[in-house]
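>>> Okay, predicted coordinates and the sequence, questions at the end:
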Amino acid sequence: MTNPLRPISFEFFPPKTDEGAAKLATTRRQLAQFNPEFFSVTFGAGGTTQAGTLRAVVDIQAAGHAAAPHLSCIGSTKDNIREVVQQYKNHGIKHIVALRGDIPSGMGEFGEFRYANELVSFLRSEFGDWFHIEVAAYPEFHPQSPNAEADLRNFINKVNAGADSAITQYFFNADAYFRFVDEVQARGVHIPIVPGIMPIQNYSQLQRFSDMCGAEIPRWLRLRLQAYSDDTASIRAFGLDFVTELSDRLLAGGAPGLHFYTLNAAGAVSTVCQRLGY
């Protein structure tokens, strides 16, 4: 495997129960052995996990690790965003993943923000350079974008608004990532764009996630996973090989690091990181 020597990070979602919090703490300790640059914590649609996200990042920080809360702005007001972000600043958080967020079912109003670049601009105007601001990138393009060019313009708008770096939606085609990076660099954008990596352990779950977020499962990969049917062990073994090879190719091709979507579990992600030499 390629000697990585490049940062990795891990993403969690905020637990809803005491049992979930205990499991997450165990997962965090297991993944800390890989010396991640940071742990990020997601933020529910419309701020539905706001308190849980804050608790999780404070716990991560208290354990001696850098924490990066996600912050989605759709359906929020400037006052609400200012209050949430001030809490993060008060706790010494220096890193935010700034997102538009999904539109909650039944929401009739967007709030005071419609796009993530507006959130980035607001954070810069209110907090200056206190935060390292991460934004989302979509190598296979956002499912709600009218076309590829519009999606590229939306990404560039976020960078021009003050984003420092980006994390991509997960993908299974490395060429999609390299093409996206080439296209935005040709337009003068040179911030680090870190590939998001999703482990493969459960095909039905992966298919559901991918259909929702617009991540393409290539036909050959879909058929290969379908062929395993309910053979969970074979799916996981194949998934570990595939995701390791994908990650290695991305690093060999110049990716500035890797961001793993852990689903609050350490097993598969740990194995991939070990195979990569972390």
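On my side now, so go ahead. Residues are numbered from 1 along each chain as shown.
>>> can you map out the strands along the protein?
Using DSSP state E, the strands of the chain run over residues 8-12, 38-41, 67-72, 95-99, 132-137, 165-170, 193-197, 258-261.
>>> Any chance of a markdown table for these, columns mean neighbour count and distance to N147?
C-beta: built from backbone N, CA, C; applies to glycine. What follows is the strands of the chain, written out as a markdown table (neighbours: other C-beta atoms under 10 Å; distance: least, C-beta to C-beta, whole Å):
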| stretch | mean neighbour count | distance to N147 |
| --- | --- | --- |
| strand 8-12 | 24 | 28 |
| strand 38-41 | 25 | 29 |
| strand 67-72 | 25 | 24 |
| strand 95-99 | 25 | 21 |
| strand 132-137 | 24 | 16 |
| strand 165-170 | 22 | 17 |
| strand 193-197 | 25 | 20 |
| strand 258-261 | 24 | 26 |
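>>> As a markdown table, those strands with distance to Y177 and mean pLDDT would be great.
Output for these, formatted as a markdown table (distance: least, C-beta to C-beta, whole Å; pLDDT from 0 to 100):
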| stretch | distance to Y177 | mean pLDDT |
| --- | --- | --- |
| strand 8-12 | 16 | 97 |
| strand 38-41 | 19 | 97 |
| strand 67-72 | 21 | 94 |
| strand 95-99 | 18 | 96 |
| strand 132-137 | 9 | 97 |
| strand 165-170 | 6 | 97 |
| strand 193-197 | 5 | 98 |
| strand 258-261 | 11 | 98 |
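>>> so which of those strands comes closest to A227?
A227 sits nearest to strand 165-170 of all the strands of the chain, at 21.9 Å, using C-beta to C-beta.
>>> List of residues touching the closest one?
By C-beta atoms under 8 Å, 6 or more residues apart in numbering, the list of residues contacting strand 165-170 from outside reads 9, 40, 97, 132, 134-140, 155, 158-159, 177, 180, 191-198, 213-215, 256, 259, 261.
>>> rewinding a little: can you redo the strands of the chain as CSV with distance to S145?
As requested, the strands of the chain are exported to CSV (distance: least, C-beta to C-beta, whole Å):
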stretch, distance to S145
strand 8-12, 23
strand 38-41, 23
strand 67-72, 17
strand 95-99, 15
strand 132-137, 12
strand 165-170, 12
strand 193-197, 17
strand 258-261, 21
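>>> neighbours of A22, just the number please.
By the measure other C-beta atoms under 10 Å, the count of residues near A22 is 11.
>>> Need the distance between the two termini of stretch 207-218.
Its start and end residues considered, stretch 207-218 measures 11 Å (C-alpha to C-alpha, to the nearest Å).
>>> Buried ones in it, by neighbour count?
For stretch 207-218, the neighbour count (16 or more other C-beta atoms under 10 Å) marks 209-210, 215, 217 as buried.
>>> Can you flag which of these belong to helices?
Counted as lying in helices by DSSP state H, out of these, are 209-210.
>>> Out of the buried residues of stretch 207-218, the closest to L123 would be?
Distance to L123, by C-beta to C-beta, is smallest for A215 among these, at 26.9 Å.
>>> I'd like the distance between the residue lying closest to I235 once chain neighbours are set aside and N80.
With C-beta to C-beta, 6 or more residues apart in numbering as the criterion, I235 has its nearest non-adjacent residue at 4.9 Å, and that residue is Y228. From Y228 over to N80 the distance is 45 Å, taken as C-beta to C-beta, to the nearest Å.
>>> What of F13?
Counting by C-beta to C-beta - F13 and N80 are separated by 21 Å.
>>> who's more crowded, the two?
Comparing F13 with N80 by neighbour count (other C-beta under 10 Å), the higher total belongs to F13, at 21 against 15.
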